[in-house]
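A.B. asks: structure of the sequence below:
(2 chains)
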Amino acid sequence: MDSMDEDEDTQEAQTSLVLKPKRAKNLLGNKLKKVKYSDMSEKPKGKGIKIPTAEELNNLRETENLYNNNLFRLQISELLKEVQIKNKRKTSFKNWFESFKESIQSMPELDDFTLSEIKEISKKKRTKTEKFINSVSKYPCYLKTDQDLTLKLNKPEECECFGLQEVNASPGPSLNINIRVNMPRSYFNVKDFVNNRYLVKRFYYLLYILENVDAVKKDLTLHEDVPLLPVLNLQPTDDVKIKVNVYVVPPKNYFKPARFLPSINNVKCHLFMDKHNEEVLKETPTVLYNAAIAHDVTLQTNNDYIQTVLNDYPNIQDALKLLCVWLNQRELNVGFGGLKPSLLMSLVVFLVGVKKINKMMSAYQVVRNVWCFLADTDLTAFPICLGDCTNEIIESFKENFSVVFLDYTGCFNLAAFLSSSIAKKISRESQIAVKQLDSGKMESFQLLFLNKLPFCLQYDMVVDISPALPLPKFDITDKELWKSVGFEFVLKVKYLSSMLERALHERAVHIVPRIETRYSTESDKCLEKLLIGINVNAEKAFNFIEKGPALSDHIEAEKFRQFWGELSSDRRFRDGSTNVAVYFKANTVRAKRNIVKRIVKFVLNDKLQLRSKIHYDEMDEFVINKRLKAPYPVGTNEETCLKAMAISDELGSMIRKTQTSLIVTAVLGVSDTLCLTDPCGPIASNIKPEVNGGSVCGRRMANENSDGIQRYLKAIDLVIHLEHSSKWPNDLQAVRYIKTSFYLEISSQLKRTHNISSVVTQDVLCVYYKGLVFRFTLYVPKEIALLKKGTTELGAVQYLGTADTFQMERDLLILPRIMAGLRGLQYNNPSFGASCGLIKKWIRSQLIDHSHITDIQVDLLNASVYLRDSPYLESATPQIAFLRFLQYLKELQWDLQPVPVNFNGELSKEDLLELESKFQQNRDKLAPLYFLMAEDKGESVFTNASSPSQQILIRLQQLADAALTSLTRRLTGDADFDLYSLFAPNMEGYNLIIHLKPEVNARRYESIGSNKEGQVLLEPFVQKEDMDIPLFDFNPVDLYLDELRRNYSEYATFFHNSYGGNTIGILWDPLENECEFKVTNISGRKLVDQKLVLNIDAFIEDFYLLGRDIVKWIEKK
Amino acid sequence: MVNKQINNFKVMQLRYSSKNSTYHELFIKEHSLRHKEEDKPLGLTLFVLNIPPYITEAHMKDAFSEFGNIASVKFQEKETNDKRRSSFNNGYVVFSKRSGLLKCLQASSISLENVQIKAGLSKYIEQYNNSIVNPEELQKEITTYMKGLDKKEQKKDKSESEMEVDDDGWTVVTKKGRNPGLARKESVTIKLEEKMKEKSKKKELKNFYTFQIRESKMKNVIELRKSYEEAKKKVALMKASRKFKPY
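C.D. replies: Coordinates of the predicted model:
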């Protein structure tokens, strides 16, 4: 999937990056010149400032009053320009439409024929009518009717354009136009609206037009995914971006709209289903059938009204375009039940009618008001109407539809097919949108209009029910079914959602079905795809008890028992109450998350017997260590890290209590294990001493034995802060020695009071406690001050930072604060740690290791996803967080914007703006990836020019794009592949590949593996007297890689998977090949024809030499 | 075999063992500089370029003793002293006799067969084991250093207390005492300067004269204009990278 040639990538990256700013500069340069020239005449002499013109003042003031801010205004106009439809396209349509009208008016009048006559006629000489019958017989009508109708096909009454494009409110770049064709009066009988007669006639009229017009492509599709309403879809010219939908409607005022009120029955015999009780059938109103016909009947009246309202208001038209873009990006208009743009248009017209929108408003204000209305109004509770209506009628609609929005005639519910869950979701999205507008951040425009929010990224869980189609009848009553005759699937999906809703109860926030339909000749195949998206409520979803009604409430309790079946049991709770309840056993975080999946499975598989695919936690697989079995229950990396945190807290409090000359004020974790973001944290267990390795000074020595190098044990880093003291000496070496003596003091006290083994080196204290090794460093501000101290020319003392002090301050002072921030984030968002682990595993498995992008940089990037104003709801599972991270990474504009990581909102809006403008001014001098944080005063201390480099960022973005594309396809059921392939590196494109000996790789147990047989069982830790500190932080592969990088990074870049990868990919630096003879150029080269060339063969020899006993072989490509 | 040669430099092949077919190319020439340096005597010193990073001075000494006795080997110091990086070295090999140097200049290749280069797994294991220190020795080291430091401090204190009144009867102002002077720190000067600025600002009257009001209005317009220009720039950048395509 990532078959891009690495070499090309980097080159491309370089060229594109060089070009971009240049282009931008030219753009600006030209503009500036023009402005200067035209302003020469207006400029008053002797003054530097241009006096503002009235126009400019107006413009500036307008921005302040009518728009959010300058940037927003410019961005809106830029977007509107982008979605403008080209004039070329419009004229080409206009020309075609003229010829279309002509050909429609000159359609031949055909002889009458009946439905039963439609058969293939194999005569040689055929009349026009017979020819038509012949071609029509290829399209079987999927609708049955009660009579053998006579079809009198004749040219139509009139034909006109309508819809969004006609009021200039449809966003481009493609031109989508609707044409309405009024069928002739002679074609109909008075009672044709009953028993499908109208629909069948309508169908043949469409075919009649289809046969008689010219277009490049002609086929039948559905009007807004409604199965009963096919329309003719045409592509008039070779331009694929012009699409025409032809609607046929009854002649004006032919059917009375009141015939289609939801209380009336219009289908009186079996046409859709078999085996019905005819008596029930004749009495039940056919609600959705009526709505479908009412749509056709009222189409002209409604659109005429809409046009009169919207025609003269360009701002409202622009606003509609923006809203359509917003809707499209969220995919809320997709499928049956979605919010269609035409409905949105009617809604805007309604808002104009109730004076929530007026013509003075700017497009921005209109959009904002629409969102405010949608956010504040519960459409399912308050019916609205375009025209005047009696309460009685509204009530009857209210009884039958979840959302009521009556049209101008008052007989058709414009929102008849809108699903209530989508209405709820829309309201939620609008709330988010209003919040985004109010936040006034630079990225808000992007999040609202430019970023795509695909269906599978919006929900924590996606259930794919397509394999179970067509849906069985479930236990829905005949009466219910008959009410929605022609739309049985709607009812079934509703039933399904309600079952899920009942089972998930408070665990789910949104349960949104996505019903994709298509035109089909068989009525039960029009439902093509059925997905259900579920947003989980992270606070309540992972509760292991589902509390039912009290036992004393017999009826309710029995209902509960029936619903849950064997899972339910009677329980007594701590507060003394006795209830029926369902208890889900779960001893790890992962198992708790899994409860939601278990419930959904219970409903779909056990209760409804449906085949389905659930996308929820498949990716957890990759943060589970399958090669090592810990001595405590383990789900993902979370348990390992939590255990380490608990042990480190214990040890920390012991150290705080030690009696030293200065009081220990804080023991702070700086290792990613202690903020749960480490995918392969050290497992607390008993470590058996090596068979023949000796020990020195209480520490085990490294050696090589028959099984290879001992398993890697990561040391967990912590920092000790001491109380302030002015008594530190002014001598640097002395300060360092005193530090060491502190270590020695703590070490001996730990031994004495708690019998804990530890060792001291010059710079650190390492403690072996409960099966883990902790490494402590002292932070002494005096040491840094002494390193920085110098004198100015005037003799004053000044403090200048060096690379060393910078690093010390970063790692000992700032990093602990960042870690605290990350831990806080983890506390508020339980999916954070595991998702970071997943992300790291993924990035590392692409052979991008810490020298390219460090762990903390990855953590901060993911933190910024959690901390921003997300367009999504909270990520409840690591998987969805991972997917959203991929999308974020893909869309990240690191070259244009800094990445804010604002823990606890410590940076105010003003701070952020100031730092951002500072960033814009100095962009060229700053690191490619730049974090804005309060902890380091906006200096982005964790990134620099080479880490991560531009090339790596671009590479990551490409990888994220590729991974996301294939994952989205997998989640929506369009593709299926093994997820392991996402975590396997692409080895193409490297110049050299070093294959390592697996047994020398101490981290071999961290690799992604599916083989369960090779699992190593670890024993629980047992405390003994005088324990030696085990071998820790020793991995020959890492050391080898370090040495290679130290020696050869001038000539090559090295790629490796830190988590137990057994290959190192090497790319020669493309710039570093041939050059002239110069003493400074000689390094690493050989002389060929009086020129210096990289001595690659000798390098390979070096790699073998340096990797003696580590390298298996080196592959040259 | 003819030796390759360029700009007075001769190419010498450096092989791990005589069997190897691949080799690094060392560029050598006799060291000649107008001004004398004691550790690089003329006529005895060989200038060697392109020494692989893992070869130390000791290794060089062992390798070149093939041609004669070596007095010393010294690598050139690098311009950047970044600890995380090491690369190819340049160095001076000083022979004890000129004959050795001449012999060396005649040779076309040199082999590292007799040189023990520590590398690979065994080197890393040794490194790890050597990093283990004995806490008692560490403690001893600390105490001896601190004792030495204490003595030095005492001496310093003594001399300082004698300095307080100088020969002409002037008293030296120190940080201690009843009326200590300001510390001579850069940060202190900056703070003082800022304070002065604040003071002078407070004295100024604002929006008092008409021209001040006019100017502040103008300033407002300029600010609006500036933010407009800034926004324009951002949008231009976004446009340049085709960010406005919604789909």
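
A.B. asks: can we go C-alpha only for contacts and neighbour counts from here?
C.D. replies: Fine.

A.B. asks: show me the longest helix that occurs in chain B.
C.D. replies: helix B:210-240 (DSSP state H).

A.B. asks: Three-state assignment for A:His880, please.
C.D. replies: Careful, residue A:880 is Ile; it's not His. What DSSP: H, G, I helix; E, B strand; the rest coil gives for A:Ile880 is helix.

A.B. asks: lowest-scoring secondary structure element of chain B by mean pLDDT?
C.D. replies: The weakest-scoring helix or strand in chain B, judged by mean pLDDT, DSSP states H and E, is strand B:5-6 (a mean of 75).

A.B. asks: that strand pairs with which strands, and in what direction?
C.D. replies: Partners of strand B:5-6 in the sheet, by DSSP bridges, are strand B:9-15 (antiparallel).

A.B. asks: just how off-centre is the strand it pairs with within its chain?
C.D. replies: Averaged C-alpha coordinates place strand B:9-15 at 30 Å from its chain's average position (Cα atoms, centre = their mean, to the nearest Å).

A.B. asks: what comes into contact with that strand?
C.D. replies: Contacts of strand B:9-15 with the rest of the structure, by Cα atoms under 8 Å, 6 or more residues apart in numbering or on different chains, involve B:3-5, B:21-29, B:105, B:107-112.

A.B. asks: give me that answer again for 10 Å
C.D. replies: A:1079, A:1086-1087, A:1098, A:1101, B:3-5, B:20-30, B:47-49, B:51-52, B:63, B:104-113 (Cα atoms under 10 Å, 6 or more residues apart in numbering or on different chains).

A.B. asks: what of stretch A:132-143?
C.D. replies: Contacts of stretch A:132-143 (Cα under 10 Å, 6+ apart): A:110, A:113, A:115, A:117-122, A:126-128, A:130, A:195-197, A:199-200, A:203-204, A:207-208, A:210-212, A:228, A:271-272, A:486, A:520-524.

A.B. asks: in strands only, show me those residues.
C.D. replies: Using DSSP state E, the members of the contacts of stretch A:132-143 that fall in strands are A:Phe113.

A.B. asks: what sits against the residue lying farthest from the centre of chain B?
C.D. replies: Most distant from the centre of chain B: B:Thr210, at 59.6 Å, with distances by Cα atoms, centre = their mean. Applying Cα under 10 Å, 6+ apart, we find B:Thr210 in contact with B:Ser216.

A.B. asks: show me just the buried residues among the contacts of stretch A:132-143.
C.D. replies: Neighbour counting by 16 or more other Cα atoms under 10 Å in any protein chain shown classes A:110, A:113, A:115, A:118, A:130, A:195-197, A:199-200, A:203-204, A:207-208, A:210, A:228, A:272, A:486, A:520, A:523-524 among the contacts of stretch A:132-143 as buried.

A.B. asks: got the contact list for A:Asn605?
C.D. replies: A:Ile599, A:Arg611, A:Ser612.

A.B. asks: and which of these is nearest to A:Leu453?
C.D. replies: When those are compared for distance to A:Leu453 (Cα to Cα), A:Ser612 wins out at 23.7 Å.

A.B. asks: quick check: that closest one touching A:Pro467?
C.D. replies: Yes - using Cα atoms under 10 Å, A:Ser612 is in contact with A:Pro467, at 6.1 Å.

A.B. asks: list residues touching both of those two?
C.D. replies: Each of A:Leu530 lies in contact with both A:Ser612 and A:Pro467 under the rule Cα under 10 Å, 6+ apart.

A.B. asks: any idea how far chain B is from the residue of chain A most remote from its centre?
C.D. replies: In terms of distance from the mean C-alpha position of chain A, A:Lys125 ranks first, at 61.2 Å (Cα atoms, centre = their mean). Separation of A:Lys125 from chain B (Cα to the nearest Cα, to the nearest Å) stands at 51 Å.

A.B. asks: got phi/psi on B:Leu49?
C.D. replies: Torsion angles at B:Leu49 (phi, psi; degrees, to the nearest 10) stand at phi -110, psi 160.

A.B. asks: ok, A:Leu1044 - contacts?
C.D. replies: By Cα under 10 Å, 6+ apart, A:Leu1044 lies in contact with A:Asp1038, A:Ala1052, A:Thr1053, A:Phe1054, A:Asp1102, A:Phe1103, A:Leu1106, A:Gly1107, B:Arg85, B:Ser86.

A.B. asks: let me know the closest of the residues you listed to A:Asp672.
C.D. replies: Out of the contacts of A:Leu1044, the member with the shortest distance to A:Asp672 (by Cα to Cα) is A:Asp1038, at 18.3 Å.

A.B. asks: re the thing from before, by neighbour count, which of the contacts of A:Leu1044 wins?
C.D. replies: Each of those was scored for neighbours by other Cα atoms under 10 Å in any protein chain shown, and A:Gly1107 scores highest at 26 neighbours.

A.B. asks: A:Ile1064 is in contact with that residue, correct?
C.D. replies: No - the pair A:Gly1107 / A:Ile1064 is not scored as a contact, 11.8 Å apart, by Cα under 10 Å.

A.B. asks: need the overlap of contacts for those two.
C.D. replies: Both A:Gly1107 and A:Ile1064 are contacted by A:Ile994, A:Leu996, A:Val1037, A:Leu1041, under the criterion Cα under 10 Å, 6+ apart.

A.B. asks: for the contacts of A:Leu1044, work out which two are farthest apart.
C.D. replies: Top of the distance list for those (Cα to Cα): A:Gly1107 and B:Arg85, 18.1 Å.

A.B. asks: before we move on, back to that, who has more neighbours out of A:Ser612 and A:Pro467?
C.D. replies: Ranked by neighbour count (other Cα under 10 Å), A:Ser612 and A:Pro467 place A:Ser612 first, with 18 against 14.

A.B. asks: quick one: pLDDT of the more buried one?
C.D. replies: Listed pLDDT for A:Ser612 reads 89.
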